[in-house]
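Visitor: My questions are about this predicted structure, shown below with the sequence.
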Amino acid sequence: MTTSSAGAAQLPVDRASIEHRLITMRKSVGQLDSLGALDSARLAADPGAGLVIERILALLYDLAAAVNRTALPGTPTGSFDAAGKAGLIDADLAAALAPADGPHHVLVQLCLDTEPEKVPAIVDAARSGYREYVRQLTDWITAGPGED
């Protein structure tokens, strides 16, 4: 199958591989949701929660980068911009998922010890961003790529 987005090169796309990763991403976002409210007190009382959050965010980042590189070879960080330019996701979402300061899981890791009050906002941004990523990629698969 190939991409059919306007302006995107005709590239072979492994639809089954992308769909499998999107299933895992949906489950991972659901796991973030199931953690409930996060705040500095919770993170201090339950240090394991921070590790779980960081790991889920790392998994989401890795899965999204792998999906992006399935259609558009490149570096993990650069793949988000490339996915936006190719029409897999919109440019605003691409920028949100590859923030200038680093991926969400890295930001969480840096803030856990020094600025835990920032963690909930980082997690909320990642949660909504990856939920939207899954939605946009699902739409792209449904509307864009044709069968081989």
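Guide: Sure, I can see it.
Visitor: Quick check: the gap between the residue lying farthest from the centre of the chain and Ser79.
Guide: What lies farthest from the middle of the chain is Ala45; by CA atoms, centre = their mean that is 27.6 Å. From Ala45 across to Ser79, the span is 37 Å (CB to CB, to the nearest Å). Bear in mind the C-beta positions are built from the backbone N, C-alpha and C, glycine included.
Visitor: now do Asp90
Guide: 15 Å.
Visitor: higher neighbour count, those two?
Guide: Ser79 (25 against 13; other CB atoms under 10 Å).
Visitor: so the more buried one sits right up against Ala71, yeah?
Guide: No: at 9.0 Å, Ser79 does not count as touching Ala71 under the criterion of CB atoms under 8 Å.
Visitor: distance between the helix or strand encompassing Ile53 and the chain's centre?
Guide: Assigned by DSSP states H and E, Ile53 belongs to helix 47-71. Relative to the centre of its chain, helix 47-71 is centred 7 Å away, using CA atoms, centre = their mean, to the nearest Å.
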